[in-house]
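Enquirer: Need a 3D model of the sequence below.
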Amino acid sequence: MNPAENKAPRWRVVLLWWVGLALVLLAWEAASWSQPRYVLPGPAATWEALLGLIRDEELGSGVLLTLQRALGGLGIACLIGLPWGWAAGTWRPVEELTASWTQLLMAIPPIVIVVVGMLWLGPSPSVVLLVVALVTMPLLVTSLRDAVTNVDPDLLEMARLFRFGLWGTVRRVIIPAVVPPVLSAVTVAVGQSIRLTVMSELLSTTTGLGAEVQQARTNLETADVFALSAVMAALTLGLELLFLRPLRNRLARYR
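Expert: Below is the predicted model of the structure:
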C-alpha cells in the first residue's frame, strides 16, 4: 500500500490537535474546582493573569530577553557542537577521544552547572548562556556524529565511482543525509534551551521570564506562574511553526 494513502487528512490532524487541547483545558478546569486559586488557578484565572501581565508592559521585555539568551546559548552550542560532531563522525580517533566529554556533559545535572556558573561568573546573564550551551551541546554533537557515521556506504561508493569529488560528495550525498536528523535535534534543542533559560534566570538573574516566575512564586501569585508558563509554551510552539517546520519542509524538498 502506498504510504501516502495511510496519511491522515490535514483537516483531521488539525481538528484532533484542537480537540486534544480542549480536553486538557477541560480537565484543568475540572481539577481547579476543588482547589484554592493560589494552589491551582483555572484557565479563566490564568487568562486574566496573562492580560494583567500584558497591561503592565513588562511581559514583552521579559520574553525578548529570555529569547535572546536562549538563542544565544544555542548559537554557542551550534558553533562548537556541530563542527565537533562532524569531526567525530568523520575521524574515528576524534570520536574515541571526545566520547567521554559528551557522556560527562550529558551526566551533569543542569542545576549543578547553574551553581558552578554562579560561583565562576556571579549572578549574571552569562550563567544562562553557559547552562544552555553546555546542556544542549551534547545533543547536537551526538546527532551529527551519528548522522555522518550512518551515511549509506553504497551512496558514498557511487559518488566515488562517478567522481563527484569531495565537494560534490558532501553536497549531493552527505548533506541530504545528515540535515534531517540534525534539524530534528535542533528542534528539540530550541525547546530545551528556552526551558533551561527560564530555569537559569530564576536562579541567577533578576530579569527575563525566569525572574518573573520567581517573583510570582514569592508573592504566591500562582496564576501569574501559569500564565508565564503558557507564554513559554507559546514561544516554543511559535518558533517551531514559524521557522523550524518551514525550514524542514524546504530541506525535505531539496533532499
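Enquirer: Can you tell me how far Gly89 is from Ala107?
Expert: Going from Gly89 to Ala107 by CB to CB, to the nearest Å gives 22 Å. From N, CA and C alone the C-beta is placed, and that goes for glycine too.
Enquirer: what bits of the protein have low per-residue confidence?
Expert: Along the chain, segments meeting pLDDT under 70 span 1-8, 152, 156-157, 159, 161-163, 165-166, 168-172, 251-255.
Enquirer: surely Leu67 meets Thr236?
Expert: No - between Leu67 and Thr236 there is no contact under CB atoms under 8 Å: 10.1 Å.
Enquirer: shared neighbours of those two, which are they?
Expert: Counting by CB atoms under 8 Å, 6 or more residues apart in numbering, the shared contacts of Leu67 and Thr236 are Ile194.
Enquirer: okay but Thr90 is in contact with Val148, surely?
Expert: Yes - counting by CB under 8 Å, Thr90 does reach Val148; the two are 6.0 Å apart.
Enquirer: who has more neighbours, the two?
Expert: Remark: of Thr90 and Val148, Val148 carries more neighbours, 20 against 13, as counted by other CB atoms under 10 Å.
Enquirer: Quick check: buried residues in the longest helix anywhere in the chain?
Expert: Of all segments of type helix in the chain, defined using DSSP state H, the longest is helix 59-90. Using 16 or more other CB atoms under 10 Å as the test for burial, helix 59-90 gives 59, 62-63, 65-67, 69-74, 76-78, 81-82, 84-89.
Enquirer: For Leu239, grab the count of nearby residues.
Expert: Look at Leu239: counted by other CB under 10 Å, it has 19 neighbours.
Enquirer: That one touches Val188, doesn't it?
Expert: No - in terms of CB under 8 Å, Leu239 does not count as a neighbour of Val188; the distance is 12.0 Å.
Enquirer: ok so, going back, please state the offset of the longest helix of the chain from the chain centre?
Expert: Centroid displacement of helix 59-90 relative to its chain, using CA atoms, centre = their mean, to the nearest Å, is 10 Å.
Enquirer: helices or strands next to that helix in the packing?
Expert: When contacts are defined as 3 or more CB pairs under 8 Å, 6 or more residues apart in numbering; DSSP states H and E, helix 59-90 packs onto helix 92-107, helix 125-149, helix 175-204, helix 208-218, helix 222-239.
Enquirer: Now do the last one against helix 175-204: the angle between them, please.
Expert: Interaxial angle, helix 222-239 versus helix 175-204 (axes from the mean of the first three to the mean of the last three CA atoms, to 10 degrees): 160 degrees.
Enquirer: tally of neighbours for Leu203?
Expert: Leu203 - counted by other CB under 10 Å - has 18 other residues nearby.
Enquirer: was I right about it contacting Val116?
Expert: No - counting by CB under 8 Å, Leu203 stays clear of Val116, with 11.9 Å between them.
Enquirer: coming back round to it: give me the angle between the longest helix of the chain and helix 125-149.
Expert: Orientation of helix 59-90 against helix 125-149 (the same axes, to 10 degrees) gives an angle of 40 degrees.
Enquirer: for the closest residue to Ala44 other than its chain neighbours, what are its contacts?
Expert: Of all residues not flanking Ala44 in the chain, Glu29 sits nearest, at 7.9 Å (CB to CB, 6 or more residues apart in numbering). Neighbour list for Glu29: 42-44 [criterion: CB under 8 Å, 6+ apart].
Enquirer: same deal with Val178?
Expert: When the contact criterion is CB under 8 Å, 6+ apart, the partners of Val178 are 144, 147-148, 151.
Enquirer: Tell me the one of those nearest Val231?
Expert: Ranked by distance to Val231 (CB to CB), the contacts of Val178 are led by Leu144 at 31.3 Å.
Enquirer: Distance to Tyr38 added to the helices and strands packed on helix 59-90, as CSV?
Expert: Shown next, in CSV, are the helices and strands packed on helix 59-90 (distance: least, CB to CB, whole Å):
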stretch, distance to Tyr38
helix 92-107, 37
helix 125-149, 29
helix 175-204, 19
helix 208-218, 11
helix 222-239, 5
